[in-house]
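*Asks:* Any chance you can model this:
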Amino acid sequence: MSKITQNYDQLAMASGFRYDRERNVLYGLREGFELLVYASDERNPYCLTVTLSARSPMGALGKEDNRLFTKNERQVISLSQEGNLIKMVLKNTPKQEKLRENLNNAIAAMLALLRSKGFAPCCQLCGQQMETAGYDTKGGYMHLCPDCAGRMRQDVALTTQHKKRKGENLVGGIVGALLGSVIGVICIIFFSQLGRVAVISGIVMAVCTMKGYEMLGGKLTKKGIVISFLMMLIMTYIGDRLDWAIIIAREWEVDFFTGFQYVPSLIQEGIIEGSNYWGNLALLYIFTIGGAIPTSISIVKEHKKEGEFGQIGSPGM
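*Replies:* Next up, the predicted model:
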């Protein structure tokens, strides 16, 4: 059991919640409201988000409510409402006792505010004031009544079946990857002209190339990931070469295409230091691969979650 899981276990018991270990979500009832408590960003596991679904005849929460609430409740970053979903985000607090205290106090203050404004529990989708439960919907969490949950379960199943039957358009995927990689090339040139080799260039190259393949190819398979990787390597080289061409054209007062052609001969003659050229290119490749690996892992995880729809506290589907 990880340290985070142990801490969530302790937090759930101390706060009167149950803990869904598979999804890392705390859930339970407070004053008739069904609440979900989780970390929106897994990289900040102690920056907790609390959600519930409610509506009021007096209207939705506004910016002034958020301002006054966060002013009085120092442990809260924000309190907002979107549709029937009310979301409260707490400050990052790694210490278990302080986290427990902050969570309980913030929830008590939030529920007091909602009650004072006439809010009552309801379904997040249909808005009916009835019993709801928390559901994991493609990696997102919602508060749904039984009817809405049933309809969404059917929709998710149909969508998943349709995507599985959908074939992969290899040509379209290659075109999409090429178009996406062009955005990465622009990013490489932009930052390089500012005198920087930025990590963001590699991330943009990786994300845009793979997303481009997926959009025009219909789906991103293992074959698509390999093709996207090859496209990234080729276009990263081209992007670096184009960047040098711009520099040569500017410094030597020649046209861009002449500058592009001059790059190899200038390296060979030592006018462009080989260590600078290859070192810069190596950094770009490191950043691109560094962005591509987590991006591909993230996309694979997203695909695995596409067919998921399950009630919080029950085994995943």
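*Asks:* When you work out contacts or count neighbours from here on, use the C-alpha atoms and nothing else.
*Replies:* Noted.
*Asks:* Buried residues, the host helix or strand of His162. List them.
*Replies:* Using DSSP states H and E, His162 maps to helix 146-165. Using 16 or more other Cα atoms under 10 Å as the test for burial, helix 146-165 gives 148-149, 153, 156, 160.
*Asks:* can you put these in TSV and add distance to Phe229 and pLDDT?
*Replies:* Converted to TSV, those look like this (distance: Cα to Cα, whole Å; pLDDT from 0 to 100):
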residue	distance to Phe229	pLDDT
Cys148	41	94
Ala149	39	93
Arg153	35	88
Val156	30	80
Thr160	26	71
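*Asks:* Among these, pick out the one closest to Ile286, please.
*Replies:* Thr160 (35.1 Å; Cα to Cα).
*Asks:* quick one: contacts for the residue nearest to His143 when sequence neighbours are not counted?
*Replies:* Excluding its sequence neighbours, the residue lying closest to His143 (Cα to Cα, 6 or more residues apart in numbering) is Gly134, at 4.6 Å. Going by Cα atoms under 8 Å, 6 or more residues apart in numbering, Gly134 touches 27, 34-36, 141-144, 311-312.
*Asks:* pLDDT and distance to Ile297 added to these, as JSON lines?
*Replies:* JSON lines is the format used below for the contacts of Gly134 (pLDDT from 0 to 100; distance: Cα to Cα, whole Å):
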{"residue": "Tyr27", "pLDDT": "97", "distance to Ile297": "28"}
{"residue": "Glu34", "pLDDT": "95", "distance to Ile297": "33"}
{"residue": "Leu35", "pLDDT": "97", "distance to Ile297": "30"}
{"residue": "Leu36", "pLDDT": "97", "distance to Ile297": "27"}
{"residue": "Tyr141", "pLDDT": "93", "distance to Ile297": "21"}
{"residue": "Met142", "pLDDT": "95", "distance to Ile297": "25"}
{"residue": "His143", "pLDDT": "96", "distance to Ile297": "28"}
{"residue": "Leu144", "pLDDT": "96", "distance to Ile297": "30"}
{"residue": "Gln311", "pLDDT": "91", "distance to Ile297": "25"}
{"residue": "Ile312", "pLDDT": "93", "distance to Ile297": "24"}
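*Asks:* For the stretch 51-200 of the chain, which segments are assigned as helices?
*Replies:* Using DSSP state H, counting those that start in this stretch, the helices assigned to the stretch 51-200 of the chain run over residues 63-72, 96-116, 146-165, 170-193, 199-217.
*Asks:* any idea which of these scores lowest on pLDDT?
*Replies:* Sorting the helices of the stretch 51-200 of the chain by mean pLDDT places helix 146-165 lowest, at a mean of 82.
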